[in-house]
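**Q** task: produce atomic coordinates for the following.
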Amino acid sequence: MGSSCSHSTGRFSDSRCSWKTTGRSRYVRLKQVTVTEKYGENSYISACEQDSIVSQSAIYCPVDRTAPYTPTVAEDAGKLAAKIMCNPAPHTEMTYKVTAPSHTFGEVADAFSNELGKEISYVQVPYESAKQAFMGMGFPEWQADGIMELYHGIDEGAAYLNDAGDYEAVMGAKQADVATWVAGVAPYFV
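**A** Numbering: from 1, shown residues only. Okay, the predicted model is just below:
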């Protein structure tokens, strides 16, 4: 089976590659290359917050609006994995973290406010209320508990949620910041 790569779309396929998700870490393994995605948010903001931004002009979350964190944007993880698979030799036995530039939920709300041209409020809610809201959206309790654990980690400044990634070193380009990401997804939030 051959390989194909497309850096512009982040798509890739190769018989030497597999995706696997475990706990807090998502990774792509290529022989001895591991691309690690921590904090499985997969974007600067989740689909759960998308509904509240559209319908209520608000983001509800238990995290302090000023607490920094570094989630992963799935598109960036795909681009990085595709680049590695197109030329895997220099990456043998390497592990890369794919994290977005550090930002806060307050900065996310501000970026949406600027891009959408209307006030997007950030409303800090109690942890138990957030857990119940996730469960009300169909999340099993174990998964809602895991999300709350991640949110607590952000509030506590956990190192695994606040470290610089390897995207720029591998890709040779800076990763998009939260304002740039919001500008690209804003049409889905109206």
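**Q** remind me what whichever helix or strand residue 113 is part of packs against, helices and strands.
**A** Here residue 113, judged by DSSP states H and E, is contained in helix 105-116. If contacts are counted by 3 or more CB pairs under 8 Å, 6 or more residues apart in numbering; DSSP states H and E, helix 105-116 sits against strand 58-61, strand 121-124, helix 178-185. Every residue, glycine included, has its C-beta placed from N, CA and C.
**Q** kindly reformat the ones you listed as JSON lines containing distance to residue 151 and mean pLDDT.
**A** Compiled in JSON lines, the helices and strands packed on helix 105-116 are given as follows (distance: least, CB to CB, whole Å; pLDDT from 0 to 100):
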{"stretch": "strand 58-61", "distance to residue 151": "7", "mean pLDDT": "92"}
{"stretch": "strand 121-124", "distance to residue 151": "11", "mean pLDDT": "95"}
{"stretch": "helix 178-185", "distance to residue 151": "18", "mean pLDDT": "87"}
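**Q** any idea which of those is most buried?
**A** Of the helices and strands packed on helix 105-116, the one with the most neighbours on average (mean count of other CB atoms under 10 Å) is strand 58-61, at a mean of 20.
**Q** how far off centre is that strand?
**A** Average the C-alpha atoms of strand 58-61, do the same for its chain, and the two points are 17 Å apart (CA atoms, centre = their mean, to the nearest Å).
**Q** next one: stretch 82-94
**A** In terms of CA atoms, centre = their mean, the centre of stretch 82-94 is found 22 Å from the chain centre.
**Q** what's the span of that stretch from first residue to last?
**A** By CA to CA, to the nearest Å, the extent of stretch 82-94 from end to end equals 15 Å.
**Q** just the buried residues of that stretch, please?
**A** By 16 or more other CB atoms under 10 Å, the buried positions in stretch 82-94 come out as 82, 83, 84, 85, 88, 91.
**Q** make TSV from the helices and strands packed on helix 105-116 and add distance to residue 113 to it.
**A** Supplementary listing: the helices and strands packed on helix 105-116 in TSV, determined by distance: least, CB to CB, whole Å:
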stretch	distance to residue 113
strand 58-61	10
strand 121-124	9
helix 178-185	9
